[in-house]
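Student: Give me coordinates for this.
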Amino acid sequence: MELRDQSFGLNAGEFHKGVITGGDNKKAKHHSSNISVAQQRRIQQQSSPSAQSDEYYLERLRSETHTSRSDYSKHLKHWYKYFPSENILLVDFSDIESKPREVLLKIVMHIGVAESEARSYIDQLNDDDVQQRVNAAMNTSSTDKTGGSSQHSLSERPRLKKQIEQYLHPFAVNFNALLKEKGYTWQLDG
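Tutor: Sure, this is the predicted structure:
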């Protein structure tokens, strides 16, 4: 059985840029790609988020898969049917950036570590390590697959941003109502 990428005509172990890896690097073979520079440019342009229409994103946003994953209040209500409220901890993502040690303390105590032991553990953490974890969390949430900020992309497309906000508004309202019902003092914007 031959393993081959039919779209690029590459064999197993070959990469689009033309390098075959395997065993000894001295024996690595180089092949010219079967795809032209013009085809490479077209693929790159078509895969750019800015090349897609607003409707492209709105269709995906409205899909059942996305909607089912995005309706946090619906999912949380399901969990609350089976677990008491005190067993579920919801954390405001903005607190991770603004007060990471407090968030860590809250989480560690929530899982059952005594406050004095939790504080001792949190106090031992190096500031650089805490900040590195915060930066990793912030970069994961705000960077799209092209390396750009998803917020920046939306600011360049105000009409799309408004349509997305309008679509998501009822989800935020329901989630905020649930937060209030469960005694949380923070809420989602929207």
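
Student: care to break the protein down by domain?
Tutor: Using automatic domain parsing, the domain ranges for the chain come out as 1-47, 52-181.

Student: What ranges in this protein fall below the confidence cut-off?
Tutor: The chain contains residues with pLDDT under 70 at 1-34, 137, 139-152, 190.

Student: in it, which spans are helices?
Tutor: Here the chain has its helices, by DSSP state H, at 37-46, 54-62, 64-70, 72-82, 93-98, 100-110, 115-124, 127-142, 150-155, 158-181.

Student: Could you export those helices to CSV, including columns for distance to Leu188 and mean neighbour count?
Tutor: C-betas here are computed from N, CA, C, even on glycine. Output for the helices of the chain, formatted as CSV (distance: least, C-beta to C-beta, whole Å; neighbours: other C-beta atoms under 10 Å):
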stretch, distance to Leu188, mean neighbour count
helix 37-46, 33, 10
helix 54-62, 16, 13
helix 64-70, 12, 11
helix 72-82, 9, 13
helix 93-98, 9, 13
helix 100-110, 17, 16
helix 115-124, 27, 12
helix 127-142, 14, 12
helix 150-155, 15, 13
helix 158-181, 4, 14
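
Student: if I look at Leu125, how far off is Gln131?
Tutor: 10 Å (C-beta to C-beta, to the nearest Å).

Student: so who does the nearest residue in space to Val130 that is not next to it in sequence touch?
Tutor: In space, and not counting its chain neighbours, Val130 is closest to Pro100: 5.3 Å by C-beta to C-beta, 6 or more residues apart in numbering. Going by C-beta atoms under 8 Å, 6 or more residues apart in numbering, Pro100 touches Val130, Gln131, Arg133, Val134.

Student: what's the answer for Asn174, then?
Tutor: Applying C-beta under 8 Å, 6+ apart, we find Asn174 in contact with Asp71, Ser73, Lys74.

Student: Among the contacts of Pro100, give me the pair with the biggest separation.
Tutor: Greatest spatial distance among those (C-beta to C-beta): Gln131 and Arg133, at 7.3 Å.

Student: re the thing from before, out of the helices of the chain, nearest to Gln187?
Tutor: Closest to Gln187 of the helices of the chain, according to C-beta to C-beta: helix 158-181, at 4.2 Å.

Student: Give me the distance from the closest one to the chain's centre.
Tutor: Distance of helix 158-181 from the chain centroid (C-alpha atoms, centre = their mean, to the nearest Å) equals 18 Å.
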